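Trainee: Okay, sequence plus prediction incoming.
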Amino acid sequence: MLQLDNWREIRVSAPGSIMLMGEHAVLYGERAIACAVDRYMRLRLTRREDRAVIIRSALAEVQGTLDALPQEPRLSFVLATVGLYAGRLPAGFELDIESEFSHTVGLGSSAAVTAALVAALSAYAGDDTGPQAVFDAALDVIHAVQGRGSGTDLAASVQGGLIGYRVTPRQLERLPGLPEICLYYSGYKTRTPDVLERVAQASKGYEALYLDLYRLMGRTCEQAEAAILRQDWPALGRLMNIYQGLMDALGVNDATLAQMVYRLRANPQVLGCKISGSGLGDCVLALGADDSLACDYQRIPVAVSPEGVRIEYH
Ligand SMILES: C[C@@](O)(CCO)CC(=O)[O-]
């Protein structure tokens, strides 16, 4: 408890994350694989004597009090998190948010900022800051802001490393590392809730077929976990390609993403590649790297971050 009494500043970092496999199917009870990546969201929280709340980030600045915070859609996850804790905090605070990655690329910035802020405010409130408590509170915020969400990227961000994950019954296993992976940003994205709505519309009249697709995605993901455990990278690449075919069947592939995928697959150094995340834009993930695509699409080299949410008291 000494650290809770004496701190002047709480610093929290949380890694970004990517989905390696399991997109969409994880919402239907199948397993997913995600990893924390070495790009971090960093927060600095200093306490105030009064009830003022001042939040500064590259996206927006907000000033209010614990009792009345303004609306700011660009900080919806941050403000929802503050709202969750406002009644339990002894006084106001100033918060500086710095991100090592843009919120437009698919590195799970909403999950990372929510995880980091839940940890910071839990520390300030004297609550449990363990990974399970941070995960549960952050998932509540994500559900409140965006509706559905499996929490896969959040789990990776909180725990760090490469993880196998299932929603119910909740399972989370650490997996060993990966060889070189690389993301390529398509230049546009469709919000996950909108992609989910498109899939829901497309599945009308084909519900049983879609459930079979989710089951196949789940089997593919389980085999991918086995390939990771035995470090069989050609097999993992092949399974990524199979999963990409299933994403296409689901209707979340498009012409640009398909072209990126096929250009990457033309390189023998790329063992496999697929959309990472919900689809209809955002990023393609390659197992291996390819320089030729980098002149047309932003290349985002990433490595697995063994570290999840980290709290420091100063
Ligand atoms: C499409 C989805 O499976 C992945 C989005 O990154 C949604 C989710 O898991 O919450």
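Mentor: Thanks, I have the structure now. Numbers count the residues shown, from 1 in each chain.
Trainee: How about the residue in the stretch 1-150 of the chain that the ligand sits nearest to: what's its closest non-neighbour residue?
Mentor: Among all residues of the stretch 1-150 of the chain, Ser150 sits closest to the ligand, at 3.3 Å; criterion: C-beta to the nearest ligand atom. Any C-beta I mention is one placed from the backbone N, CA and C, and that applies to glycine too. In space, and not counting its chain neighbours, Ser150 is closest to Val26: 4.4 Å by C-beta to C-beta, 6 or more residues apart in numbering.
Trainee: Quick one: residues contacting the one you found.
Mentor: Val26 makes contact with Ala32, Ser150, Thr152, Tyr165, Arg166, Val167 under the criterion C-beta atoms under 8 Å, 6 or more residues apart in numbering.
Trainee: how about a markdown table for those, with neighbour count added?
Mentor: Converted to a markdown table, the contacts of Val26 look like this (neighbours: other C-beta atoms under 10 Å):
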| residue | neighbour count |
| --- | --- |
| Ala32 | 29 |
| Ser150 | 25 |
| Thr152 | 28 |
| Tyr165 | 24 |
| Arg166 | 20 |
| Val167 | 19 |
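Trainee: just the residues you listed now: which is nearest Ser102?
Mentor: Ser102 has its nearest neighbour among these in Thr152, at 20.6 Å by C-beta to C-beta.
Trainee: got the residues of the stretch 151-300 of the chain near the ligand?
Mentor: Proximity of the stretch 151-300 of the chain to the ligand (C-beta under 6 Å from any ligand atom) is limited to residues Thr152, Asp153, Thr192, Gly277, Ser278.
Trainee: what's near enough to touch Ser110?
Mentor: Phe77, His103, Ile142, Val145, Gln146.
Trainee: all strands for the protein, in order.
Mentor: 9-21, 32-47, 52-56, 61-65, 93-99, 162-166, 171-175, 181-185, 272-276, 283-287, 298-302, 310-313 (DSSP state E).
Trainee: Kindly reformat those as a markdown table and extend each row with mean pLDDT.
Mentor: Below are the strands of the chain laid out as a markdown table (pLDDT from 0 to 100):
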| stretch | mean pLDDT |
| --- | --- |
| strand 9-21 | 97 |
| strand 32-47 | 97 |
| strand 52-56 | 98 |
| strand 61-65 | 97 |
| strand 93-99 | 98 |
| strand 162-166 | 98 |
| strand 171-175 | 95 |
| strand 181-185 | 94 |
| strand 272-276 | 97 |
| strand 283-287 | 96 |
| strand 298-302 | 91 |
| strand 310-313 | 97 |
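Trainee: and of the ones you listed, who's closest to Met247?
Mentor: strand 272-276 (5.4 Å).
Trainee: Output the contacting helices and strands for that closest one.
Mentor: When contacts are defined as 3 or more C-beta pairs under 8 Å, 6 or more residues apart in numbering; DSSP states H and E, strand 272-276 packs onto strand 9-21, helix 233-250, helix 255-265, strand 283-287.
Trainee: For Gln223, which non-adjacent residue is spatially closest?
Mentor: Leu239 (5.5 Å).
Trainee: wait, Ala25 sits on Ile33?
Mentor: No: the criterion here is C-beta atoms under 8 Å, and Ala25 misses it with Ile33 at 11.3 Å.
Trainee: hey, what's in contact with both of these two?
Mentor: Contact criterion C-beta under 8 Å, 6+ apart; residues shared by Ala25 and Ile33: Cys221.
Trainee: where does the protein dip in pLDDT?
Mentor: The model of the chain has pLDDT under 70 over residues 1-4.
Trainee: for it, what's the longest helix?
Mentor: In the chain, with assignment by DSSP state H, the single longest helix is helix 207-229.
Trainee: got the CA coordinates for that helix in CSV?
Mentor: Presented in CSV, the C-alpha positions along helix 207-229 are these (Å, rounded to 0.1, in the frame of the first residue of the first chain):
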residue,chain,number,x,y,z
GLU,A,207,-27.3,-19.2,-41.0
ALA,A,208,-26.4,-22.9,-40.8
LEU,A,209,-23.7,-22.5,-43.5
TYR,A,210,-22.2,-19.6,-41.6
LEU,A,211,-22.1,-21.6,-38.4
ASP,A,212,-20.2,-24.3,-40.3
LEU,A,213,-17.8,-21.7,-41.6
TYR,A,214,-17.2,-20.5,-38.0
ARG,A,215,-16.6,-24.1,-36.9
LEU,A,216,-14.1,-24.6,-39.8
MET,A,217,-12.4,-21.3,-38.8
GLY,A,218,-12.1,-22.7,-35.2
ARG,A,219,-10.6,-26.0,-36.5
THR,A,220,-8.1,-24.1,-38.6
CYS,A,221,-7.1,-22.0,-35.6
GLU,A,222,-6.7,-25.0,-33.4
GLN,A,223,-4.3,-26.5,-36.0
ALA,A,224,-2.5,-23.2,-36.1
GLU,A,225,-1.9,-23.3,-32.4
ALA,A,226,-0.6,-26.8,-32.7
ALA,A,227,1.7,-25.6,-35.5
ILE,A,228,3.0,-22.8,-33.3
LEU,A,229,3.6,-25.2,-30.4
